[in-house]
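1. Generate a structure from the sequence data that follows.
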Amino acid sequence: MKTSTGIIEGFEGAYCKIEIDGNVEAVLMAQVDSKAKRGDVVEWRGGKWTPNSVLTRKRSTEIKKLMDDVWED
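-> Numbering: from 1, shown residues only. As a prediction, this is how the structure comes out:
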């Protein structure tokens, strides 16, 4: 079974906004692990969106590299 992944875009009231396959969805906070924060890559596991630290770190590294490439002299 394929695991769904998304990126936390932010929080709004009782909802967490998660980008999944290019679409931002409002997900009830009850379905999101309490440790999750903005920018985390999350996976749907056991009825909850849980942070994946390996994928989050990889994404952060890729973004930093892109930013470094843009701002190179």
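
2. going forward, measure contacts between C-alpha atoms and count neighbours the same way
-> Noted.

3. for this protein, what helix or strand is lowest in average pLDDT?
-> Ranking every helix and strand in the chain by mean pLDDT, DSSP states H and E puts helix 53-70 at the bottom, with a mean of 91.

4. Buried residues in it, which are they?
-> Taking 16 or more other C-alpha atoms under 10 Å as the neighbour-count basis, helix 53-70 is seen to contain the buried residues 56, 59.

5. tell me what it is packed against?
-> strand 41-45 (3 or more C-alpha pairs under 8 Å, 6 or more residues apart in numbering; DSSP states H and E).

6. Next, the buried residues of the strand it packs on.
-> Judged by neighbour count using 16+ other C-alpha under 10 Å, the buried positions of strand 41-45 are 41, 42, 43, 44.

7. and that strand with helix 53-70, angle?
-> Taking axes from the mean of the first three to the mean of the last three C-alpha atoms, to 10 degrees, one finds strand 41-45 and helix 53-70 inclined to each other by 150 degrees.

8. Dump the C-alpha coordinates for strand 41-45 into PDB.
-> As requested, C-alpha coordinates have been extracted for strand 41-45 and formatted as PDB (Å, rounded to 0.1, in the frame of the first residue of the first chain):
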ATOM      1  CA  VAL A  41       6.900  16.500   5.500                       C
ATOM      2  CA  VAL A  42       4.200  14.300   7.000                       C
ATOM      3  CA  GLU A  43       2.900  10.800   6.200                       C
ATOM      4  CA  TRP A  44      -0.500   9.300   6.700                       C
ATOM      5  CA  ARG A  45       0.000   6.500   9.200                       C
END
